[in-house]
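[1] Task: produce atomic coordinates for the following.
(one chain, ligands or ions: 1)
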Amino acid sequence: MEDEENIEEELLLVESQLNGLQDKIKTLLDQQEELYERQAQLKAMLEISKTSRDASNSAPSVALEDWSGKFSWDSQADDTRFNVFGISSYRSNQREIINSIMSGKDVLVIMAAGGGKSLCYQLPAVLRDGITLVVSPLLSLIQDQVMGLAALGIPAHMLTSTTNKEIEKFIYKALEKGEGELKILYVTPEKISKSKRFMSKLEKCHHAGRLSLVAIDEAHCCSQWGHDFRPDYKNLGILKIQFPSVPMIALTATATSKVQMDLIEMLHIPRSVKFVSTVNRPNLFYRVYEKSSVGKVVIDEIANFISESYPNNESGIVYCFSRKECEQVAKELRGRGISADYYHADMDVVAREKVHMRWSKSKSQVIVGTVAFGMGINKPDVRFVVHHSLSKSMETYYQESGRAGRDGLPSECVLYYRPGDVPRQSSMVFYENCGLQNLYDIARYCQSKKNCRRGAFFQHFGEAVQECNVSCRNV
Ligand SMILES: Nc1ncnc2c1ncn2[C@@H]1O[C@H](COP(=O)(O)OP(=O)(O)OP(=O)(O)O)[C@@H](O)[C@H]1O
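    Down below sits the predicted model:
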């Protein structure tokens, strides 16, 4: 009896000590979060400061001009915008970017997904005499663009591995002799680095004064510090060397200041005018949920989220860590009545294309993909992007979650996080530049108890923190 009383007494004491410890741990964790945040802020400030110092040391400064002023082409540009592109007014920065290109400047554009980058080079391409060359990384992106331009009555073609001989002949004649109607020519970067024949035709086009503009789409692919480095993009610097008098525009949705510096150097455009739009996507709502260690529970939660919030077949993407996981998650979602297909790099091109097409036409609701389901997704009405596990960096997460809501309508980005997923990713990123650091940054994003999740993106991309004025629920 007495023994029991002693035990109970000690138990109470231990419990009260444990409670005290919990409070201390909580205070320490809060302090740790604040310090991490300040550390990230200071690092970002340092990088911005270094970048602007390097830029002012290495580049003859570009005179600050008012690109929103009046220009001789204003009325022609307005007419083309409205009557050819069917666009009633410019969005932020578009007019200024177009004016700087029309003035013959090199330009670097950083504009969030869906911001309207294409118009920034397509409109000058129509206005300027001659042919605009556009380098774009993916066949599917190029096909979409060429089809869109054809629908607007703009003579555009692509020269890729799929181009038939007849069209190729037509393109070469247009480049070499100025015959036929060609305003915009799309190529993949391999064409520049691997086809001597193409480069020689382009040289002739330039020599005859018919190369009017060079546009590099998805320009972050040039940089090894970016999230989607493509070796063939490294060779695009040749374009400025061969055609120094032709204005170049490089466009991307995301580039940290380090990547921006890299692009400017690799493309040889030190005097470029830079337009950076905010990374904020006000129509996207970010959430992080604690992930259960029981696989089936996670799938139940994802399935409930989809069927309760999106009962009308609204489109979405679920990103998974591995190919096997994709197949498993797709199967289990189907088992819960959600029409889901998987997509990963182990599938052949035809199978992948089939899955992509079904989803693009809203015949399936969800694609469960690995990172292989990436660039080239042009579907504007993606209402939700779920991450079954964390991405490898903030940049990758911004890019992947950013596939939601390109049409500007409210959309959700949900990430399921458990600390146990971090080591899985770390084995993948160990050999990448700053791979582990990037992974720890996103792990901190997931662990953060802050209400507004946008601040992490502002910080990561070196942008001043803004009031978000919308609730990003932090559950
Ligand atoms: N000023 C504008 N007013 C209305 N719609 C516009 C305007 N500019 C572009 N758009 C439309 O916005 C959509 C997105 O444009 P675009 O595809 O160029 O975006 P983006 O910046 O290239 O995005 P992403 O990086 O995701 O490819 C297109 O449907 C385009 O027609």
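[2] Give me the below-cutoff pLDDT ranges for the chain.
    The chain contains residues with pLDDT under 70 at 1, 47-48, 50-65, 226-227, 433, 451, 467-475.
[3] Got phi/psi on the residue nearest to the spatial centre of it?
    The chain has Gln399 as the residue nearest its centroid, 3.8 Å off, counting by CA atoms, centre = their mean. Geometry field for Gln399 lists phi and psi as phi -70, psi -50, criterion degrees, to the nearest 10.
[4] how near is it to Phe85?
    26 Å (CB to CB, to the nearest Å). For glycine as for every other residue, the C-beta is placed from the backbone atoms N, C-alpha and C.
[5] closest point of the stretch 351-475 of the chain to the ligand, which residue?
    Nearest residue of the stretch 351-475 of the chain to the ligand (CB to the nearest ligand atom) works out as Arg406 at 5.4 Å.
[6] Just list the residues touching that residue, thanks.
    By CB atoms under 8 Å, 6 or more residues apart in numbering, the contact list for Arg406 reads Ala113, Gly114, Asn378, Lys379, Pro380, Asp381, Val382.
[7] ok, now His388?
    The neighbourhood of His388, defined by CB under 8 Å, 6+ apart, consists of Val298, Ile302, Val318, Tyr319, Cys320, Phe321, Glu325, Val329, Val368, Tyr416.
[8] now, among those, which is nearest to Lys258?
    Of all those, Tyr319 has the smallest distance to Lys258: 24.9 Å, by CB to CB.
[9] residues near the residue lying closest to that closest one once chain neighbours are set aside, how many?
    Nearest residue to Tyr319, sequence neighbours excluded (CB to CB, 6 or more residues apart in numbering): His387, at 4.9 Å. Using other CB atoms under 10 Å, His387 is surrounded by 25 other residues.
[10] number of nearby residues for the residue in the stretch 251-400 of the chain that the ligand sits nearest to?
    Closest contact between the stretch 251-400 of the chain and the ligand, by CB to the nearest ligand atom, is at Ala253 (4.3 Å). Neighbour count of Ala253, defined by other CB under 10 Å: 20.
[11] Thought Gln399 was touching it, still the case?
    Yes. Between Ala253 and Gln399 there is a contact under CB atoms under 8 Å: 7.1 Å.
[12] Now for these two: what residues contact both?
    Contacts common to Ala253 and Gln399, judged by CB under 8 Å, 6+ apart, are Ala113.
[13] Tell me the residues of the stretch 201-350 of the chain that contact the ligand?
    The stretch 201-350 of the chain has residues Ala253 near the ligand, with proximity defined as CB under 6 Å from any ligand atom.
[14] Now do the helices for the stretch 201-350 of the chain: every range, in order, please.
    237-242, 257-266, 295-309, 323-335, 349-360 (DSSP state H, counting those that start in this stretch).
[15] domain ranges for the protein?
    Listed by automatic domain parsing, the domain ranges of the chain are 57-276, 284-460.
[16] Please give the number of neighbouring residues around Gln17.
    Gln17: 10 neighbours (other CB under 10 Å).
[17] how about the residues of the stretch 351-475 of the chain that lie near the ligand?
    Going by CB under 6 Å from any ligand atom, the residues of the stretch 351-475 of the chain near the ligand are Arg406.
[18] Which residue ranges of the stretch 351-475 of the chain form strands?
    Residue ranges of the strands in the stretch 351-475 of the chain, as given by DSSP state E, counting those that start in this stretch, are 366-369, 382-387, 411-417.
[19] May I see the buried residues of stretch 344-362?
    His344, Met347, Arg352, Val355, His356, Trp359, Ser360 (16 or more other CB atoms under 10 Å).
[20] again with stretch 260-278
    Those would be 260-269, 272-278, for stretch 260-278 by 16+ other CB under 10 Å.
[21] Same check on stretch 390-401?
    Within stretch 390-401, the residues that count as buried by 16+ other CB under 10 Å are Leu390, Ser391, Lys392, Ser393, Met394, Glu395, Thr396, Tyr397, Tyr398, Gln399, Glu400, Ser401.
[22] Which single one of the residues you listed is nearest to Ile306?
    Using CB to CB, the buried residues of stretch 390-401 come closest to Ile306 at Ser401, 15.8 Å.
[23] separation between that closest one and Leu390?
    Where Leu390 is concerned, Ser401 sits at a distance of 11 Å (CB to CB).
[24] Which neighbours do these two have in common?
    Joint contacts of Ser401 and Leu390 (CB under 8 Å, 6+ apart) are Leu415.
[25] Pull up the pairing partners for the strand or helix carrying Val134, direction included.
    Under the criterion of DSSP states H and E, Val134 resides in strand 131-135. Using DSSP bridges, strand 131-135 pairs in its sheet with strand 184-187 (parallel), strand 211-216 (parallel).
[26] Look through the chain and tell me its longest helix.
    When the chain is parsed with DSSP state H, its longest helix is helix 2-58.
[27] helices and strands around the helix or strand following it, which ones?
    Following helix 2-58 in sequence order, the next helix or strand is helix 74-83 (DSSP H and E). Contacts defined by 3 or more CB pairs under 8 Å, 6 or more residues apart in numbering; DSSP states H and E place helix 74-83 against helix 117-127.
[28] No further queries at this time; thank you.
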